[in-house]
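Enquirer: pasting the sequence and the predicted model now:
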Amino acid sequence: MAHFWQGLRSGEWLTAARARGYSLILLGFCVVATIGWIALSDGLIDRNGKPIGTDFSSFYAAGSLALEGRAADAYQPASQHAREQSQFGATTPYYSWNYPPVFFLIAAPLALLPYPFALALFQATGFAFYLWGIAAILGKPRRQDPVIARNWLPVTAAFPAVFVNLGHGQNGFLTAGLLGAALVMLERPFLSGLCIGLLSYKPQFALVIPLALLAAGRWRVIAAATMTTIALVGASWLLFGTDAWTAFLASTEMSRKILLEQGSVGFEKLQSAFAAVRLWGGGVPLGYAVQGAVSMLAVLTTAYAWRISDNIALKAAMLVVATALASPHLLDYDLVLLAPALAFLTSAMLDDGARDYEKSVMAFVWIAPLVTRSVAGLIGIPIGLLATLALFALIVRRLSAQHERAAAIATVI
């Protein structure tokens, strides 16, 4: 038993060969499963009677409504469902459209293509962007460490959240890629702000990023992000009309009550502190109270770190994880966000190596998206939330140690 705990502490069990081997095995299994699932489907409908790409069907239906000048109808459940049924069959389940009208700028062009091509294009380009983002974050480690250079690609490609996102046809790749790119390009303020502004289709992730940038005095990044957001809002208003924005704003209350508070998507799929409370039978007020405490902790800790620390990699890792923790509406496909956080932490470890339990915690975070939904559904343990909290604590520990060293050096001098 002592050897077991020692192995977890040192992380010696996670050799480079094992990391690569486990990743390739999981990658191969998921590729075969995906091909088999598509092959056994009836046209565009899978074995469960749902459109292949599930959530992407709502993107496609909403985009087609926008092309007809009916963008506002996408926010009306009856109209949106009717369009989905007309495209995929009368038994198609309802998939809601909850994104602000800026996301029509992506959904509408995709709806010009046949559905299989639109889905493939969206996921393939998103996946490529996600891989590029991780490659950029790991630029220095890949150049200096041949082990990382050899293994980063299979480990990144086989990250289980990748397959969750692919199965849902969701935008996790785009979100992770944009946030990772924004943070790796902080010294290029226009491009960094551009990436942050492009994230405006995910307003639930807007709590931590602006405050961290303010704390660090990144004024040019803030200006570029603000201008990009204004441009996107203006373009969507010109193209899709005032009614689309009015309908979106009116739909947010219903979305909050049905999707979040009532958990129509399933509390086992949601990965937030709020969802954990609801999963355990807690009421809505208690859920908001716990979520508020977690969000406040994430925001204040991140802002403080961005104010005092000069370690860009650690600050970036913290911001990504805090962004996930601060949102009450975080689904398992959104855990793709943890990939850039793990990459930034790997980069930070390059100079002084791994600390106690870091490798084991990172391995736990890596595998968590594969089992979080099933474990939460079966025994009520929110593995995704626990993994995110563990990663946040690990980053806080590193930043605290760094701050203590800096203070000790300053005292000596």
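Expert: Cool, the structure landed. Numbers count the residues shown, from 1 in each chain.
Enquirer: return the residues in contact with Pro154.
Expert: Counting by CB atoms under 8 Å, 6 or more residues apart in numbering, Pro154 makes contact with 20, 23-24, 27. C-betas here are computed from N, CA, C, even on glycine.
Enquirer: try it again at 6 Å.
Expert: Counting by CB atoms under 6 Å, 6 or more residues apart in numbering, Pro154 makes contact with 20, 23-24.
Enquirer: so how far is Tyr288 from it?
Expert: Between Pro154 and Tyr288 the computed distance is 41 Å (CB to CB, to the nearest Å).
Enquirer: then Ala393?
Expert: Distance of Ala393 to Tyr288, computed by CB to CB: 23 Å.
Enquirer: out of these two, which sits in the busier spot?
Expert: Each of Ala393 and Tyr288 has its neighbours counted (other CB atoms under 10 Å); Tyr288 has more, 17 against 12.
Enquirer: could you say which helix or strand contains that one?
Expert: Taking DSSP states H and E as the criterion, Tyr288 maps to helix 284-308.
Enquirer: tell me what that helix is packed against?
Expert: helix 208-216, helix 273-279, helix 312-326 (3 or more CB pairs under 6 Å, 6 or more residues apart in numbering; DSSP states H and E).
Enquirer: tell me the buried residues in it?
Expert: For helix 284-308, burial by neighbour count (16 or more other CB atoms under 10 Å) applies to 287-288, 290-291, 294-295, 297-299, 301-303, 305-306.
Enquirer: same question for stretch 353-363.
Expert: Across stretch 353-363, burial judged by 16+ other CB under 10 Å covers 354, 357-363.
Enquirer: which other residues reach it?
Expert: Outside stretch 353-363, the residues that touch it by CB under 6 Å, 6+ apart are 8-9, 11, 14, 342, 390, 394.
Enquirer: selection in PyMOL covering whichever of those are buried, please.
Expert: Restricted to buried positions by 16+ other CB under 10 Å, the PyMOL selection for these reads:
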select buried, resi 8+11+14+342+390+394
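Enquirer: farthest-separated two in the contacts of stretch 353-363?
Expert: Greatest spatial distance among the contacts of stretch 353-363 (CB to CB): Arg9 and Leu342, at 19.2 Å.
Enquirer: so what pLDDT did Gln272 get?
Expert: You called it Gln, but residue 272 is Ser. Turning to Ser272, the model gives it a pLDDT of 95.
Enquirer: quick check: closest non-adjacent residue to Thr301.
Expert: Val396 (6.4 Å; CB to CB, 6 or more residues apart in numbering).
Enquirer: please read the previous query as pertaining to Leu331.
Expert: Nearest to Leu331 is Lys269, by CB to CB, 6+ apart, at 5.5 Å.
Enquirer: what's the distance between the one you found and Met296?
Expert: For Lys269, the distance to Met296 (CB to CB) stands at 25 Å.
Enquirer: neighbours of Leu44, how many?
Expert: Residues near Leu44, counting by other CB under 10 Å: 18.
Enquirer: over to Val32?
Expert: For Val32, using other CB under 10 Å, the count is 10.
Enquirer: quick one: buried residues of the helix or strand hosting it?
Expert: If you go by DSSP H and E, Val32 is part of helix 16-39. Residues 19-20, 22-23, 26-27, 30 are the ones in helix 16-39 that count as buried (16+ other CB under 10 Å).
Enquirer: mind putting those in CSV, pLDDT and distance to Trp237 included?
Expert: Formatted as CSV, the buried residues of helix 16-39 follow (pLDDT from 0 to 100; distance: CB to CB, whole Å):
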residue, pLDDT, distance to Trp237
Ala19, 91, 47
Arg20, 93, 49
Tyr22, 92, 48
Ser23, 95, 44
Leu26, 93, 44
Leu27, 94, 42
Cys30, 90, 40
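Enquirer: what would those residues look like in TSV with distance to Phe104?
Expert: Listed next are the buried residues of helix 16-39 as TSV, based on distance: CB to CB, whole Å:
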residue	distance to Phe104
Ala19	40
Arg20	41
Tyr22	40
Ser23	36
Leu26	35
Leu27	34
Cys30	31
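Enquirer: tell me the one among those residues nearest to Ile312.
Expert: Distances from Ile312 to those, taken by CB to CB, are shortest for Ala19, at 24.9 Å.
Enquirer: gap between the closest one and Ala298?
Expert: As judged by CB to CB, Ala19 and Ala298 stand 28 Å apart.
Enquirer: next: Asn151.
Expert: As judged by CB to CB, Asn151 and Ala298 stand 30 Å apart.
Enquirer: same check, this time on Gly263
Expert: Distance from Gly263 to Ala298, counting by CB to CB: 22 Å.
Enquirer: what sits against Gly169?
Expert: Contacts of Gly169 (CB under 6 Å, 6+ apart): 53-56, 119.
Enquirer: what does Trp152 give?
Expert: Shown in contact with Trp152 (CB under 6 Å, 6+ apart): Leu138.
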